[in-house]
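Undergrad: when you get a sec, could you give me coordinates for this:
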Amino acid sequence: MLRGVLGKTFRLVGYTIQYGCIAHCAFEYVGGVLVCSGPSMEPTIQNSDIVFAENLSRHFYGIQRGDIVVAKSPSDPKSNICKRVIGLEGDKILTSSPAGFFKSHSYVPKGHVWLEGDNLQNSTDSRYYGPVPYGLIRGRIFLKIWPLNDFGFLRDSPNGHRFSD
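TA: Sure, this is the predicted structure:
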């Protein structure tokens, strides 16, 4: 009897570990559901919107200008940020202070991207912490799930004029 109970317990533990590994790989490499918080991506993503992020693009260097990405925050590695890619490595970026008074040019170094929120007046982004290492990107957000009245693929940036080559 003890042998039967131990056998069932080990089988259950084995299945749990297997399915846990499959779930981990799915969320790490395929994608997952996220809740975006804060005003920095308004009006494209509102506070507490639920979105889907796919993670394959970051593995195959498929991130492009205009994509919205989720990345580890350069100033707080315990939190994630949702921002739009403004520049890729080698790009020359016209930067301004969050208030828009001071303007200068910055170059995006190799292995980095330039991230900004759509709400330029209320976003802590690359204008504050500089170019973000590509390795901090966790995935590309492309689908808004909630609220249902706004369900669908994400729209272009309201600041689209910033994507000049």
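
Undergrad: low pLDDT regions in this protein?
TA: The chain contains residues with pLDDT under 70 at 2, 26-28, 59, 61, 97-101, 155, 157-165.

Undergrad: for it, what spans make up the strands?
TA: 31-36, 49-54, 68-72, 80-87, 92-96, 103-107, 112-116, 132-133, 137-146, 152-153 (DSSP state E).

Undergrad: what sits up against the third one?
TA: Under the criterion C-beta atoms under 8 Å, 6 or more residues apart in numbering, residues 34, 41, 44-45, 53, 58, 63, 79-85, 113, 115, 132, 136-142, 154 lie in contact with strand 68-72. Where C-beta positions appear, they are placed from N, C-alpha and C, glycine not excepted.

Undergrad: do that again at 6 Å, thanks
TA: 53, 80-82, 84-85, 136-141, 154 (C-beta atoms under 6 Å, 6 or more residues apart in numbering).

Undergrad: just grab the bridge partners of the spatially most central residue of the chain for me.
TA: The geometric centre of the chain, computed from its C-alpha atoms, lies nearest to residue 70 (C-alpha atoms, centre = their mean), at 0.9 Å. Counting by DSSP bridges, residue 70 is bridged to residue 82, residue 139.
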